[in-house]
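Undergrad: pasting the sequence and the predicted coordinates here, then a few questions.
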Amino acid sequence: MTNYVTGAAIRALREKRNYTQKELAEKLSVSDKAVSKWETGRGLPDITLLEPLAATLGVSVAELLSGECVVNRNRSANLLRGSFYVCPVCGNVLWAAGQGSYSCCGVTLPPLEAEAPDAEHEIKVEMVDCEHYIRVDHPMERTHHISFLAHVTTDRVEIVKLYPEMGAETRFRSSGPGRFYAYCNRHGLFEVKVK
């Protein structure tokens, strides 16, 4: 684990909840001196206290460790407002309906920003037998390839993981308007909207 909770994070979260050091200490069954030591950097909470500390402060353990509060701005869980996350180490793909704090292989993952495709990453969409046939004419080499193709609509998310030995193509069931995505391991996420 590369991050551990900091005194500044504990203090800021405690003050946000309007707790005194003594009130926080009572909720965790520790002394107020222990809380003071955590906040001044003269000690750290035991790992067994991280979950109760996070719950008391109203954040997730990941938020407590990162020191950043994550506010889900997509409370209605509109799938079209979701985000993709990709691990740069192992290539794992994660999609979330709202903002969160996610990590993989010890790396905190930022949400990917999609952009319109350029000529090298053009996402071609055509209807074939009531399905969307998606193709990206892109090299599929070990060091440079399309890692996944995805289709997101208001009620579903489909992701097809691709590997260098495959072609950058797939079919998605036609299910109304949505967005198609292609992720290049070197150039990032590209998106096209389909009505």
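TA: Ah, there it is.
Undergrad: please name every helix or strand in contact with the lowest-mean-pLDDT helix or strand in the chain.
TA: For the chain, the helix or strand with the lowest mean confidence is helix 61-66, at a mean of 78 (criterion: mean pLDDT, DSSP states H and E). Helices and strands touching helix 61-66, by 3 or more C-beta pairs under 8 Å, 6 or more residues apart in numbering; DSSP states H and E, are helix 50-57. C-betas here are computed from N, CA, C, even on glycine.
Undergrad: quick one, domains of this structure?
TA: The chain breaks down into these structural domains: 7-66, 79-194 (assignment by automatic domain parsing).
Undergrad: with mean neighbour count added, can I get the ones you listed in JSON lines?
TA: Listed next are the domains of the chain as JSON lines, based on neighbours: other C-beta atoms under 10 Å:
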{"stretch": "domain 7-66", "mean neighbour count": "16"}
{"stretch": "domain 79-194", "mean neighbour count": "16"}
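Undergrad: strands along the protein, start to end?
TA: 83-86, 93-96, 102-104, 107-109, 124-128, 131-135, 146-153, 157-161, 169-173, 178-184, 188-194 (DSSP state E).
Undergrad: closest one to residue 29 among the ones you listed?
TA: Evaluated with C-beta to C-beta, those place strand 102-104 nearest to residue 29, the distance being 29.1 Å.
Undergrad: elements contacting the closest one?
TA: In this structure, strand 102-104 makes packing contacts with strand 93-96, strand 107-109, judged by 3+ C-beta pairs under 8 Å, 6+ apart.
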